[in-house]
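Novice: I need the structure of the sequence given here:
(one chain, ligands or ions: 1)
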Amino acid sequence: MALYLISGIGGFIGSSLARELLSRGEQVRGFDNFSTGKRENLTEILDLIDFREADLGDLAAMHAACGGVDFVLHQAAIPSVPKSVLDPLGSNRANVDGTVNLLVAARDAKVKRVVYAASSSAYGDTPTLPKIETMKPDPISPYAVAKLASEHYLISFYRCYQLETVALRYFNIFGPRQDPTSPYSGVLAKFITVMLRGEQPTIFGDGEQSRDFTYIDNAVEANLLACKAPASKAAGQVFNVATGHRCTLNETFKLLQPLTSYTGQPKYGPERGGDIKHSLADISKAEAALGYKPKVDFQEGLRRTVEWYRSR
Ligand code: UD1
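Specialist: This next block holds a predicted model:
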């Protein structure tokens with residue numbers, strides 16, 4: 001049994017990681033400042049975990065949180081492209097300064113490995129698809145720059161201090177517990193909840209943008225594999241976490257219609273600043289080095305997610 005520290009444990013991905021670790025009999029500690037995470041995501045597991053309310057900006061709290069920890073799963077962030085365009089300083093504080101604080105604490109506590117929620121936004125809008133880790137990154141939004149800067153810090157901490165680090169570039173993770181209520185929420189959480197209410201979803205742009213939408217269970221599995229993969233294959237490395245397939249927003253809307261029983265049409269609004277057009281991952285590096293294989297495909301993920309929101 002190992003002790004895992006989850007930063008951002010109140011979030012959609014952090015709380016999903018906690019549930020899976022508990023079901024595997026592992027020990028879980030976590031912290032959140034509830035800036036985007038939610039207490040209700042932890043309700044049934046609060047008694048089973050060592051939870052602390054803390055902010056990544058508090059180095060003393062990070063040192064305390066890392067004591068005795070085997071693996072850190074660093075999910076805490078302000079995870080929004082448009083929010084970072086409005087507030088680049090806030091994005092940098094949470095997404096870069098916060099990461100460096102946690103890395104320093106993990107290094108000092110001699111944590112075995114840190115696995116980081118990096119982002120596919122690092123690739124930017126370069127025309128070549130699929131995106132492969134060897135491509136030169138070309139971030140557009142402050143969020144994408146911050147996530148990429150943190151990746152480099154992870155690699156630096158491996159090179160300079162031999163702290164084993166792994167960066168997982170998430171491609172549009174979705175699933176149960178993703179918050180649909182903020183203007184910065186992921187598109188699927190918004191579309192599903194809006195359509196279940198019989199309301200019209202808004203597509204920004206022409207709807208022909210595409211994403212490699214990745215169901216949460218695949219991201220959870222990738223994190224746990226990244227903790228256990230041999231250091232020779234994983235440490236100091238960056239991996240895409242995705243499915244290797246993409247779907248446009250127009251196609252996604254059509255898939256959601258029968259699942260949500262929504263018979264109307266979408267509204268179309270202006271394209272969103274900082275957005276990229278297409279996103280699709282090559283996942284062969286994660287398959288070869290981590291043994292990662294997406295377990296739940298897009299359509300099955302949509303079905304499970306719609307069911308979860310419907311049951312709320
Ligand atoms: C980006 C990053 C992702 C990151 C996430 C955090 C890429 C490829 N991905 O996702 O790694 O974790 O930010 O926020 O850069 N949209 C609508 N209607 C809505 C909401 C969104 O049409 O109501 C559109 C957006 O304009 C965009 C697409 O849906 O074209 C996806 O948006 P969103 O779910 O916010 O994620 P990304 O910005 O792709």
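Novice: Nearest residue to Y161 in space, please, no chain neighbours.
Specialist: In space, and not counting its chain neighbours, Y161 is closest to R107: 4.9 Å by C-beta to C-beta, 6 or more residues apart in numbering. Bear in mind the C-beta positions are built from the backbone N, C-alpha and C, glycine included.
Novice: So that neighbour: helix, strand or coil?
Specialist: Using DSSP: H, G, I helix; E, B strand; the rest coil, the secondary structure recorded for R107 is helix.
Novice: before we move on, what about F34?
Specialist: coil.
Novice: For A146, which non-adjacent residue is spatially closest?
Specialist: N95 (3.7 Å).
Novice: so how many other residues sit close to V100?
Specialist: A total of 18 residues lie near V100 under the criterion other C-beta atoms under 10 Å.
Novice: what packs against the one helix or strand it maps to?
Specialist: Assigned by DSSP states H and E, V100 belongs to helix 98-108. For helix 98-108, the elements it packs on are helix 59-66, strand 71-74, strand 113-119, helix 142-161, judged by 3 or more C-beta pairs under 8 Å, 6 or more residues apart in numbering; DSSP states H and E.
Novice: So which bits of that helix are buried?
Specialist: By neighbour count on 16 or more other C-beta atoms under 10 Å, the buried set for helix 98-108 is 98-107.
Novice: CA atoms of the least confident helix or strand in the chain by mean pLDDT as PDB?
Specialist: None of the helices or strands of the chain scores lower by mean pLDDT, DSSP states H and E than helix 81-86, at a mean of 92. C-alpha atoms of helix 81-86 as PDB (Å, rounded to 0.1, in the frame of the first residue of the first chain):
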ATOM      1  CA  VAL A  81      -8.000  28.800 -21.800                       C
ATOM      2  CA  PRO A  82     -10.400  31.700 -21.800                       C
ATOM      3  CA  LYS A  83      -9.900  32.500 -18.100                       C
ATOM      4  CA  SER A  84      -6.100  32.700 -18.700                       C
ATOM      5  CA  VAL A  85      -6.700  35.100 -21.600                       C
ATOM      6  CA  LEU A  86      -8.600  37.400 -19.100                       C
END
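Novice: can that helix be found next to the ligand?
Specialist: Yes - using C-beta under 6 Å from any ligand atom, we find that helix 81-86 touches the ligand at V81.
Novice: contact partners of that helix?
Specialist: 78, 90-91, 95, 121, 141-144, 146, 183-184, 272-275 (C-beta atoms under 8 Å, 6 or more residues apart in numbering).
Novice: Only the buried members of these: can you turn that into a PyMOL selection?
Specialist: Typed into PyMOL, the line below selects the buried ones among the contacts of helix 81-86, using 16+ other C-beta under 10 Å:
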select buried, resi 78+91+95+121+141+142+143+144+146+184+274+275
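Novice: quick one: which of the contacts of helix 81-86 is nearest to R52?
Specialist: Distance to R52, by C-beta to C-beta, is smallest for I78 among the contacts of helix 81-86, at 19.4 Å.
Novice: can you tell which of the helices and strands packed on helix 98-108 is closest to the ligand?
Specialist: strand 113-119 (3.7 Å; C-beta to the nearest ligand atom).
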